[in-house]
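Q: would you be able to build a 3D model of this:
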Amino acid sequence: MKNFTALLTALALASAVPAELASAASIEITSTIQSSLDKTIAGATQTQANKINSLYTEFLTLQKQEQDWDSKINTLHNRNKDTSAELSKQAKEIDSAKLAKLEEEITRTRARHQPLLSQYAALNKQIEAARLLNSKSLSALLRIQAAAMKIPVQLARIDISAKVKASQAAKDKASKATKKIRSSLNDIDPINVQIKAKQGAFKTIQNSLSPIWSSFKQGAKKEDTNAVQSSLTSMISLSRQMNAEKESIFKLETKISDALIAIKAQIP
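A: Alright, predicted model coming up:
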(Lines give C-alpha, C1' and ligand atoms only; values in the text may rest on other atoms or scores of the structure.)
Protein backbone atom coordinates (compact mmCIF):
# COMPACT_ATOMS: atom_id res chain seq x y z
CA MET A 1 0.00 0.00 0.00
CA LYS A 2 2.84 2.39 0.83
CA ASN A 3 4.38 1.82 -2.61
CA PHE A 4 1.06 2.53 -4.29
CA THR A 5 0.53 5.68 -2.25
CA ALA A 6 3.96 6.83 -3.33
CA LEU A 7 2.98 6.17 -6.96
CA LEU A 8 -0.21 8.20 -6.58
CA THR A 9 1.71 11.04 -5.00
CA ALA A 10 4.19 11.03 -7.87
CA LEU A 11 1.38 11.10 -10.41
CA ALA A 12 -0.32 13.92 -8.55
CA LEU A 13 2.87 15.96 -8.59
CA ALA A 14 3.46 15.19 -12.26
CA SER A 15 -0.01 16.46 -13.06
CA ALA A 16 0.56 19.81 -11.36
CA VAL A 17 -0.83 22.58 -13.54
CA PRO A 18 1.77 24.98 -14.99
CA ALA A 19 1.52 28.52 -13.65
CA GLU A 20 0.06 29.88 -16.90
CA LEU A 21 -2.70 27.25 -16.84
CA ALA A 22 -3.51 27.38 -13.14
CA SER A 23 -6.65 29.44 -13.68
CA ALA A 24 -8.15 26.65 -15.77
CA ALA A 25 -7.66 23.99 -13.11
CA SER A 26 -10.82 22.45 -11.59
CA ILE A 27 -9.25 19.50 -9.77
CA GLU A 28 -6.74 19.78 -6.97
CA ILE A 29 -5.36 16.74 -5.14
CA THR A 30 -4.65 18.02 -1.65
CA SER A 31 -2.86 16.10 1.10
CA THR A 32 -6.17 15.91 2.98
CA ILE A 33 -7.92 14.29 0.02
CA GLN A 34 -5.01 11.91 -0.47
CA SER A 35 -5.06 10.95 3.21
CA SER A 36 -8.83 10.32 3.15
CA LEU A 37 -8.48 8.19 0.03
CA ASP A 38 -5.67 6.16 1.58
CA LYS A 39 -7.88 5.41 4.59
CA THR A 40 -10.78 4.47 2.32
CA ILE A 41 -8.60 2.08 0.34
CA ALA A 42 -7.16 0.60 3.52
CA GLY A 43 -10.65 -0.23 4.76
CA ALA A 44 -11.84 -1.74 1.48
CA THR A 45 -11.76 -5.37 0.41
CA GLN A 46 -8.71 -6.37 -1.62
CA THR A 47 -10.76 -6.58 -4.80
CA GLN A 48 -12.35 -3.16 -4.31
CA ALA A 49 -9.06 -1.63 -3.16
CA ASN A 50 -7.39 -2.82 -6.36
CA LYS A 51 -10.27 -1.42 -8.42
CA ILE A 52 -10.14 1.98 -6.70
CA ASN A 53 -6.36 2.06 -7.06
CA SER A 54 -6.66 1.33 -10.78
CA LEU A 55 -9.40 3.92 -11.32
CA TYR A 56 -7.57 6.61 -9.36
CA THR A 57 -4.35 6.03 -11.28
CA GLU A 58 -6.25 6.28 -14.57
CA PHE A 59 -7.97 9.48 -13.43
CA LEU A 60 -4.66 11.12 -12.51
CA THR A 61 -3.22 10.04 -15.85
CA LEU A 62 -6.16 11.62 -17.67
CA GLN A 63 -5.69 14.82 -15.66
CA LYS A 64 -2.05 14.92 -16.71
CA GLN A 65 -3.05 14.34 -20.35
CA GLU A 66 -5.52 17.22 -20.15
CA GLN A 67 -2.82 19.56 -18.88
CA ASP A 68 -0.47 18.37 -21.62
CA TRP A 69 -3.16 19.23 -24.16
CA ASP A 70 -3.54 22.67 -22.56
CA SER A 71 0.18 23.30 -22.90
CA LYS A 72 0.23 22.20 -26.55
CA ILE A 73 -2.90 24.17 -27.40
CA ASN A 74 -1.70 27.36 -25.72
CA THR A 75 1.69 27.19 -27.42
CA LEU A 76 0.17 26.60 -30.86
CA HIS A 77 -2.63 29.14 -30.36
CA ASN A 78 -0.20 31.90 -29.35
CA ARG A 79 2.04 31.08 -32.31
CA ASN A 80 -0.95 31.17 -34.67
CA LYS A 81 -2.06 34.49 -33.19
CA ASP A 82 1.39 36.03 -33.69
CA THR A 83 1.69 34.61 -37.21
CA SER A 84 -1.75 35.89 -38.19
CA ALA A 85 -0.92 39.38 -36.93
CA GLU A 86 2.39 39.36 -38.79
CA LEU A 87 0.75 38.19 -42.03
CA SER A 88 -1.90 40.90 -41.72
CA LYS A 89 0.87 43.47 -41.32
CA GLN A 90 2.82 42.07 -44.28
CA ALA A 91 -0.34 42.13 -46.41
CA LYS A 92 -0.58 45.90 -45.88
CA GLU A 93 3.06 46.34 -46.85
CA ILE A 94 3.15 44.21 -50.00
CA ASP A 95 5.54 45.79 -52.53
CA SER A 96 5.65 48.96 -50.39
CA ALA A 97 9.31 49.57 -51.23
CA LYS A 98 8.66 49.03 -54.94
CA LEU A 99 5.64 51.34 -54.90
CA ALA A 100 7.59 54.05 -53.09
CA LYS A 101 10.37 53.77 -55.67
CA LEU A 102 7.90 54.10 -58.54
CA GLU A 103 6.38 57.20 -56.95
CA GLU A 104 9.84 58.69 -56.62
CA GLU A 105 10.46 57.98 -60.31
CA ILE A 106 7.26 59.82 -61.21
CA THR A 107 8.33 62.81 -59.12
CA ARG A 108 11.81 62.86 -60.67
CA THR A 109 10.45 62.45 -64.21
CA ARG A 110 7.98 65.29 -63.78
CA ALA A 111 10.68 67.51 -62.29
CA ARG A 112 13.02 66.70 -65.18
CA HIS A 113 10.42 67.55 -67.84
CA GLN A 114 8.79 70.45 -66.02
CA PRO A 115 11.02 73.22 -67.51
CA LEU A 116 10.19 72.05 -71.04
CA LEU A 117 6.46 71.73 -70.32
CA SER A 118 6.38 75.11 -68.59
CA GLN A 119 8.21 76.72 -71.50
CA TYR A 120 5.81 75.13 -73.99
CA ALA A 121 2.78 76.30 -71.99
CA ALA A 122 4.19 79.84 -71.79
CA LEU A 123 4.89 79.82 -75.52
CA ASN A 124 1.28 78.88 -76.30
CA LYS A 125 0.09 81.76 -74.14
CA GLN A 126 2.35 84.09 -76.10
CA ILE A 127 0.94 82.76 -79.36
CA GLU A 128 -2.59 83.51 -78.11
CA ALA A 129 -1.52 87.00 -77.02
CA ALA A 130 0.08 87.67 -80.45
CA ARG A 131 -3.13 86.55 -82.14
CA LEU A 132 -5.18 88.96 -80.05
CA LEU A 133 -2.71 91.74 -80.94
CA ASN A 134 -3.09 90.72 -84.58
CA SER A 135 0.71 90.53 -84.85
CA LYS A 136 1.15 88.10 -87.72
CA SER A 137 4.94 88.20 -87.81
CA LEU A 138 5.32 87.57 -84.06
CA SER A 139 2.65 84.90 -84.17
CA ALA A 140 4.43 83.13 -87.04
CA LEU A 141 7.75 83.22 -85.20
CA LEU A 142 6.22 81.84 -82.03
CA ARG A 143 4.42 79.09 -83.93
CA ILE A 144 7.72 77.98 -85.46
CA GLN A 145 9.23 77.73 -81.98
CA ALA A 146 6.17 75.82 -80.73
CA ALA A 147 6.37 73.40 -83.65
CA ALA A 148 10.01 72.70 -82.84
CA MET A 149 9.08 71.90 -79.25
CA LYS A 150 6.02 69.77 -80.07
CA ILE A 151 7.79 66.40 -80.41
CA PRO A 152 10.01 66.83 -77.30
CA VAL A 153 6.89 67.83 -75.35
CA GLN A 154 4.99 64.78 -76.61
CA LEU A 155 7.90 62.52 -75.63
CA ALA A 156 8.03 64.13 -72.17
CA ARG A 157 4.32 63.57 -71.66
CA ILE A 158 4.62 59.97 -72.85
CA ASP A 159 7.50 59.43 -70.42
CA ILE A 160 5.49 60.81 -67.49
CA SER A 161 2.39 58.85 -68.52
CA ALA A 162 4.39 55.61 -68.72
CA LYS A 163 5.75 56.14 -65.21
CA VAL A 164 2.26 56.86 -63.86
CA LYS A 165 0.81 53.77 -65.58
CA ALA A 166 3.62 51.58 -64.25
CA SER A 167 2.99 52.87 -60.74
CA GLN A 168 -0.77 52.33 -61.01
CA ALA A 169 -0.29 48.80 -62.37
CA ALA A 170 2.01 47.99 -59.46
CA LYS A 171 -0.54 49.45 -57.01
CA ASP A 172 -3.33 47.37 -58.55
CA LYS A 173 -1.20 44.23 -58.34
CA ALA A 174 -0.27 44.90 -54.72
CA SER A 175 -3.88 45.69 -53.84
CA LYS A 176 -5.05 42.44 -55.43
CA ALA A 177 -2.42 40.47 -53.51
CA THR A 178 -3.39 42.21 -50.26
CA LYS A 179 -7.08 41.43 -50.78
CA LYS A 180 -6.22 37.80 -51.50
CA ILE A 181 -4.20 37.50 -48.28
CA ARG A 182 -6.95 39.16 -46.24
CA SER A 183 -9.54 36.89 -47.82
CA SER A 184 -7.44 33.83 -46.97
CA LEU A 185 -7.06 35.07 -43.38
CA ASN A 186 -10.83 35.58 -43.18
CA ASP A 187 -11.30 31.99 -44.35
CA ILE A 188 -9.80 30.91 -41.02
CA ASP A 189 -12.70 32.49 -39.09
CA PRO A 190 -14.97 29.42 -39.41
CA ILE A 191 -12.25 27.30 -37.80
CA ASN A 192 -12.11 29.73 -34.88
CA VAL A 193 -15.88 29.37 -34.56
CA GLN A 194 -15.43 25.59 -34.36
CA ILE A 195 -12.78 26.05 -31.67
CA LYS A 196 -15.15 28.21 -29.60
CA ALA A 197 -17.82 25.53 -29.94
CA LYS A 198 -15.38 22.90 -28.72
CA GLN A 199 -14.36 25.14 -25.83
CA GLY A 200 -18.03 25.49 -24.92
CA ALA A 201 -18.50 21.73 -25.06
CA PHE A 202 -15.44 21.27 -22.85
CA LYS A 203 -16.77 23.79 -20.32
CA THR A 204 -20.10 21.97 -20.16
CA ILE A 205 -18.36 18.67 -19.41
CA GLN A 206 -16.08 20.39 -16.91
CA ASN A 207 -19.12 21.79 -15.09
CA SER A 208 -20.58 18.28 -14.97
CA LEU A 209 -17.37 17.02 -13.39
CA SER A 210 -17.44 19.52 -10.52
CA PRO A 211 -20.32 17.99 -8.48
CA ILE A 212 -18.97 14.48 -9.04
CA TRP A 213 -15.57 15.62 -7.76
CA SER A 214 -17.34 16.95 -4.66
CA SER A 215 -19.06 13.59 -4.22
CA PHE A 216 -15.70 11.85 -4.55
CA LYS A 217 -14.19 14.01 -1.81
CA GLN A 218 -17.16 13.43 0.47
CA GLY A 219 -17.05 9.69 -0.18
CA ALA A 220 -13.34 9.58 0.61
CA LYS A 221 -13.89 11.62 3.77
CA LYS A 222 -16.59 9.18 4.92
CA GLU A 223 -14.47 6.21 3.75
CA ASP A 224 -17.39 5.13 1.55
CA THR A 225 -15.73 2.75 -0.92
CA ASN A 226 -18.81 2.42 -3.14
CA ALA A 227 -19.22 6.19 -3.45
CA VAL A 228 -15.51 6.64 -4.18
CA GLN A 229 -15.51 3.92 -6.85
CA SER A 230 -18.70 5.22 -8.47
CA SER A 231 -17.40 8.81 -8.50
CA LEU A 232 -14.06 7.77 -9.98
CA THR A 233 -15.81 5.80 -12.73
CA SER A 234 -17.92 8.84 -13.66
CA MET A 235 -14.94 11.23 -13.45
CA ILE A 236 -12.89 9.01 -15.75
CA SER A 237 -15.70 8.96 -18.31
CA LEU A 238 -15.99 12.75 -18.23
CA SER A 239 -12.21 13.23 -18.29
CA ARG A 240 -11.98 11.11 -21.42
CA GLN A 241 -14.62 13.31 -23.04
CA MET A 242 -12.77 16.45 -21.95
CA ASN A 243 -9.52 15.16 -23.41
CA ALA A 244 -11.33 14.31 -26.64
CA GLU A 245 -12.52 17.93 -26.86
CA LYS A 246 -9.00 19.19 -26.12
CA GLU A 247 -7.59 16.95 -28.83
CA SER A 248 -10.16 18.30 -31.28
CA ILE A 249 -9.20 21.87 -30.36
CA PHE A 250 -5.53 21.06 -30.92
CA LYS A 251 -6.32 19.56 -34.33
CA LEU A 252 -8.25 22.71 -35.26
CA GLU A 253 -5.34 24.91 -34.14
CA THR A 254 -3.07 22.70 -36.26
CA LYS A 255 -5.43 23.25 -39.19
CA ILE A 256 -5.09 27.00 -38.68
CA SER A 257 -1.31 26.66 -38.50
CA ASP A 258 -1.26 24.79 -41.82
CA ALA A 259 -3.51 27.44 -43.38
CA LEU A 260 -1.20 30.23 -42.18
CA ILE A 261 1.80 28.46 -43.70
CA ALA A 262 -0.04 28.32 -47.04
CA ILE A 263 -1.00 32.01 -46.76
CA LYS A 264 2.58 32.98 -45.98
CA ALA A 265 3.66 31.30 -49.21
CA GLN A 266 1.30 33.62 -51.14
CA ILE A 267 3.06 36.79 -50.01
CA PRO A 268 5.32 38.12 -52.78
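Q: from here on, just use CA atoms for contacts and neighbour counts.
A: Noted.
Q: just for this protein, where's the confidence low?
A: Within the chain, the ranges that satisfy pLDDT under 70 run 1-26.
Q: how far off centre is the helix ranked longest in it?
A: Longest helix in the chain by number of residues (criterion: DSSP state H): helix 136-186. The chain centre lies 41 Å from the centre of helix 136-186; the measure is CA atoms, centre = their mean, to the nearest Å.
Q: show me what it is packed against.
A: Helices and strands touching helix 136-186, as assessed by 3 or more CA pairs under 8 Å, 6 or more residues apart in numbering; DSSP states H and E, comprise helix 46-92, helix 96-132, helix 225-266.
Q: can you put those in a markdown table and add mean neighbour count?
A: Output for the helices and strands packed on helix 136-186, formatted as a markdown table (neighbours: other CA atoms under 10 Å):
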| stretch | mean neighbour count |
| --- | --- |
| helix 46-92 | 17 |
| helix 96-132 | 15 |
| helix 225-266 | 19 |
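Q: out of those helices, nearest to Leu37?
A: Nearest to Leu37, of all the helices and strands packed on helix 136-186, is helix 225-266, at 8.3 Å by CA to CA.
Q: how far out from the middle of the chain is the closest one?
A: On CA atoms, centre = their mean, the centre of helix 225-266 falls 20 Å from that of its chain.
Q: dump the helices and strands packed on helix 136-186 to JSON lines, plus distance to Ile144.
A: As requested, the helices and strands packed on helix 136-186 are exported to JSON lines (distance: least, CA to CA, whole Å):
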{"stretch": "helix 46-92", "distance to Ile144": "52"}
{"stretch": "helix 96-132", "distance to Ile144": "10"}
{"stretch": "helix 225-266", "distance to Ile144": "56"}
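Q: between those helices, which one is nearest to Ser36?
A: Ser36 sits nearest to helix 225-266 of all the helices and strands packed on helix 136-186, at 10.6 Å, using CA to CA.
Q: could you check the angle helix 46-92 makes with the closest one?
A: Interaxial angle of helix 225-266 relative to helix 46-92 (axes from the mean of the first three to the mean of the last three CA atoms, to 10 degrees): 20 degrees.
Q: I'd like to know which elements helix 225-266 is packed against.
A: Helix 225-266 sits against helix 46-92, helix 136-186, helix 189-221, with contacts defined as 3+ CA pairs under 8 Å, 6+ apart.
Q: let's see it at 6 Å
A: Applying 3 or more CA pairs under 6 Å, 6 or more residues apart in numbering; DSSP states H and E, we find helix 225-266 packed against helix 46-92, helix 189-221.
Q: mind listing what's buried along the shortest one?
A: It stands for helix 189-221. Buried residues in helix 189-221, counted by 16 or more other CA atoms under 10 Å: 191, 195, 198-199, 201-202, 205-206, 209, 212-213, 215-221.
Q: and the angle from that helix to helix 225-266?
A: Orientation check (the same axes, to 10 degrees): helix 189-221 against helix 225-266 gives 160 degrees.
Q: and Leu260, which of the helices and strands packed on helix 225-266 is closest to it?
A: Of all the helices and strands packed on helix 225-266, helix 46-92 sits nearest to Leu260, with 6.9 Å by CA to CA.
Q: ok and the closest one relative to helix 96-132, angle-wise?
A: If you take the same axes, to 10 degrees, helix 46-92 sits at 20 degrees to helix 96-132.
Q: tell me what helix 46-92 is packed against?
A: By 3+ CA pairs under 6 Å, 6+ apart, helix 46-92 packs against helix 225-266.
Q: done for today, thanks.
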